[in-house]
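1. Predicted model and sequence below, questions to follow.
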Amino acid sequence: MKRGFVALLLLSVVWTASAASYEHAIRTSYQEDGSELNWYVSDDQFMRTPEWKFDGKSSPPFPMGEAYQRAKAWLNKSFPKMSSFKLREYSVSSAGSSRAPNRWYYTFDFMGDLDGSIVTNSRFSVMVLMDGTVIEPKSKK
C-alpha cells in the first residue's frame, strides 16, 4: 500500500509539472526553406504575467508604448544590418489557455528598410508579454 501511495504521488508530481510547463505556439510561420518559425509561451510564463480582465475601460497591465519600445529594441539588436524598421500592424491577444486565464500579449509586425528597399519577413514579428518579456522565435526543420 505504501508503494502504491508513493507511485501515485510521483505520478501526480510528474503530471502537475508537465501540465504547468505546457507550451502554446502563439504563432507559426513557414520559411522559404520549408522550416517553421514558432513563438512559444508556456503556461508558467503566462502565469507570471499580470492578470487582466479586459472590460473596455481598464488599461493593459503593461503599457503598449513600452511594449513597442521593447519590440523595436529587440529587432534592432537582432537585425543590426537593417537600416530601420517601421510598424506595419499591432494587436493585443488573449493567451487562450484555460490554465492561465486572463493573460494577454502584444504582437508587433514590422517592415524593415535595407538601404532604401522595403523588406518583409516573418522574423520581424515580435511578441511581448504583459510583464515586458519579449518572446524569442524558435526555428524547427
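-> Received it, and whenever you're ready, just let me know what you need. Here the structure is a predicted model, which is why all the values come from computation and not from measurement. Numbering: from 1, shown residues only.
2. any idea of the mean pLDDT in stretch 74-88?
-> Average pLDDT, stretch 74-88: 96.
3. Low-confidence bits of this structure, can you list those?
-> For the chain, the stretches with pLDDT under 70 are 1-21.
4. what about the helices in it?
-> With DSSP state H, the ranges of helices along the chain come out as 2-20, 43-47, 64-78.
5. Now the phi/psi pair for Pro101, please.
-> Per-residue torsions, Pro101: phi -70, psi 150 (degrees, to the nearest 10).
6. Number of residues surrounding it?
-> 13 (other Cβ atoms under 10 Å). Placement of C-beta: from N, CA and C, glycine included.
7. for Lys81, same thing?
-> 7.
8. what about the residue lying closest to it once chain neighbours are set aside, how many neighbours?
-> In space, and not counting its chain neighbours, Lys81 is closest to Leu114: 7.1 Å by Cβ to Cβ, 6 or more residues apart in numbering. Using other Cβ under 10 Å, Leu114 has 12 other residues around it.
9. Strands of this protein, start to end?
-> Counting by DSSP state E, the chain has strands at residues 23-30, 36-42, 84-94, 104-114, 117-119, 125-129, 134-135, 138-140.
10. Distance of Ala100 relative to Lys138?
-> From Ala100 across to Lys138, the span is 20 Å (Cβ to Cβ, to the nearest Å).
11. More neighbours: these two, which one.
-> Ala100 (22 against 12).
12. which one is that one nearest to, not counting chain neighbours?
-> That would be Phe46: by Cβ to Cβ, 6+ apart, it lies 3.6 Å from Ala100.
13. Hmm, the one you found is touching Ala95, no?
-> Yes - under the criterion of Cβ atoms under 8 Å, Phe46 makes contact with Ala95 at 4.8 Å.
14. Neighbour count: these two, which is higher?
-> A side-by-side neighbour count of Phe46 and Ala95, using other Cβ under 10 Å, places Phe46 first with 26 against 22.
15. show me the contacts for the more buried one.
-> Residues near Phe46 by Cβ atoms under 8 Å, 6 or more residues apart in numbering: 24, 95, 97, 99-100, 103, 129.
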